[in-house]
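**Student:** From the sequence below, what's the structure:
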Amino acid sequence: MPNIKIFSGSSHQDLSQKSADRLGLELGTVVTKKFSNQETCVEIGERVPTEDVYIVQSGCGEINDNLMELLIMVNACKIASASWVTTVILVMPCFQYARQGKKDKKDKSQAPVSAKLVANMLSVVDHNITMDLHASRIQGFFDIPVDNLYAEPAVIKWIRENISGWRNCTVVSPDVDGARELNVGFALIHKGQKKASEVDHVILVRDVKGHVAILVDDMADTCGTICHGADKLLSAEAILVYSILTHGIFSSPAISLINNACFEAAVVTNVLPQKDKMKHYSKI
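**Tutor:** Alright, predicted model coming up:
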């Protein structure tokens with residue numbers, strides 16, 4: 001495949017390697033280091049003129065360091081190709097600061113919209129590819145083309161292949177999306193929060209008695225919502241409870257909560273690295 005270079009940031013090298021392997025390409029050489037004052041230094045180890053450059057950097061790990069590393073990588077590619085027409089395309093399957101995409105009316109007037117700030121910073125690239133943005137409005141924050149991909153086809157495929165009773169299932173979601181492709185029932189679950197990342201209560205709208213309940217969401221951080229939701233579904237006499245998530249952030253102590261919850265499994269995509277968690281926790 002000519003005229004394409006793929007470079008990986010530090011956040012998720014396994015995903016970058018899988019992408020390159022699928023395309024039959026080698027990952028480009030990147031040398032990243034920190035100076036003694038913790039400044040990030042990035043060197044692109046290959047020539048990139050006349051190439052379309054894809055940089056893969058997901059929103060995980062040391063979020064702020066990885067964002068700065070990404071911006072430096074983009075700058076290095078742009079400088080190397082100053083006299084050529086080169087497209088720098090960012091592949092960021094989990095968009096950083098996506099949950100800070102609006103200004104809540106209850107917040108103070110000086111509250112930031114950090115997702116817009118990050119979108120402005122990323123305008124240095126020519127194109128952005130992401131997945132399941134936390135809020136659709138974020139796509140409009142960018143002044144560059146954005147392809148927002150969806151995990152739904154992979155989720156539906158997994159359900160059909162791995163849940164034997166899927167025809168008798170109810171898809172449960174905090175958002176009004178979801179069950180049309182499977183042609184199954186849908187239930188809404190509403191979460192009440194005292195503050196961000198801390199769920200006070202959940203309310204289930206629709207009967208799930210005797211059904212396999214599949215709790216879907218785009219993002220799980222502390223996992224309070226899905227664990228409270230699983231308890232609510234089981235108490236409503238669901239037969240089995242699964243959770244399917246695009247972005248499994250799993251901040252501490254989320255994994256322990258999931259492993260001790262009533263899920264048959266918590267299924268995630270690989271837009272964030274999960275191998276270590278899967279080794280140690282059977283329900284992931």
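**Student:** Would you mind identifying the helix or strand in the protein with the lowest mean pLDDT?
**Tutor:** Here the helix or strand of the chain ranked lowest by mean pLDDT, DSSP states H and E is strand 198-205, holding a mean of 62.
**Student:** And the helix or strand following that one, what does it pack against?
**Tutor:** Where DSSP states H and E defines the elements, the next helix or strand beyond strand 198-205 is strand 212-220. For strand 212-220, the packing partners by 3 or more Cβ pairs under 8 Å, 6 or more residues apart in numbering; DSSP states H and E come out as strand 169-173, helix 224-235, strand 240-248. C-beta coordinates here come from the backbone N, C-alpha and C atoms, glycine included.
**Student:** could you check the angle helix 224-235 makes with the last one?
**Tutor:** Read it as strand 240-248. Between strand 240-248 and helix 224-235, the angle formed by their directions is 170 degrees, by axes from the mean of the first three to the mean of the last three Cα atoms, to 10 degrees.
**Student:** ok, residues contacting strand 240-248?
**Tutor:** Applying Cβ atoms under 8 Å, 6 or more residues apart in numbering, the contact partners of strand 240-248 are 94, 131-132, 151, 155, 158-159, 163, 165, 212-220, 226, 230, 233-234, 258, 262-269, 271-272, 274, 277, 284.
**Student:** Hey, what's the angle from that strand to strand 212-220? Just curious.
**Tutor:** 20 degrees.
**Student:** next one: the first one
**Tutor:** For the pair strand 169-173 and strand 212-220, the angle between their directions (the same axes, to 10 degrees) equals 30 degrees.
**Student:** which neighbours does strand 169-173 have in its sheet, and in what orientation?
**Tutor:** strand 185-195 (parallel), strand 212-220 (parallel) (DSSP bridges).
**Student:** show me where the stretch 51-200 of the chain has helices.
**Tutor:** Taking DSSP state H, counting those that start in this stretch, the helices of the stretch 51-200 of the chain run over residues 63-80, 114-121, 152-162.
**Student:** Find the nearest non-adjacent residue to residue 231, please.
**Tutor:** Closest residue to residue 231 apart from its sequence neighbours, by Cβ to Cβ, 6 or more residues apart in numbering: residue 262 at 6.7 Å.
**Student:** any idea how far the one you found is from residue 67?
**Tutor:** In this view, residue 262 and residue 67 are 36 Å apart by Cβ to Cβ, to the nearest Å.
**Student:** Between the two, point out the one with more neighbours.
**Tutor:** residue 67 (20 against 14; other Cβ atoms under 10 Å).
**Student:** what's near enough to touch the closest residue to that one other than its chain neighbours?
**Tutor:** Distance criterion Cβ to Cβ, 6+ apart; nearest residue to residue 67, sequence neighbours excluded, is residue 96 at 5.7 Å. Counting by Cβ under 8 Å, 6+ apart, residue 96 touches 59, 63, 66-67, 118.
**Student:** before we move on, back to that, let me have the helices of the stretch 51-200 of the chain in TSV, extended by mean pLDDT and distance to residue 40.
**Tutor:** Shown next, in TSV, are these (pLDDT from 0 to 100; distance: least, Cβ to Cβ, whole Å):
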stretch	mean pLDDT	distance to residue 40
helix 63-80	90	5
helix 114-121	93	15
helix 152-162	92	33
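**Student:** In TSV: the ones you listed, plus distance to residue 171.
**Tutor:** Output for these, formatted as TSV (distance: least, Cβ to Cβ, whole Å):
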stretch	distance to residue 171
helix 63-80	30
helix 114-121	27
helix 152-162	9
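**Student:** To residue 238, which of the ones you listed lies closest?
**Tutor:** helix 152-162 (15.2 Å; Cβ to Cβ).
**Student:** for the closest one, packing partners?
**Tutor:** Checked by 3+ Cβ pairs under 8 Å, 6+ apart, helix 152-162 has strand 240-248 packed alongside it.
**Student:** Sheet partners, orientation included, of the strand it packs on?
**Tutor:** strand 212-220 (parallel), strand 265-268 (parallel).
**Student:** Deepest-packed of the ones you listed, please.
**Tutor:** Comparing these by mean neighbour count (mean count of other Cβ atoms under 10 Å), strand 212-220 ranks first with a mean of 24.
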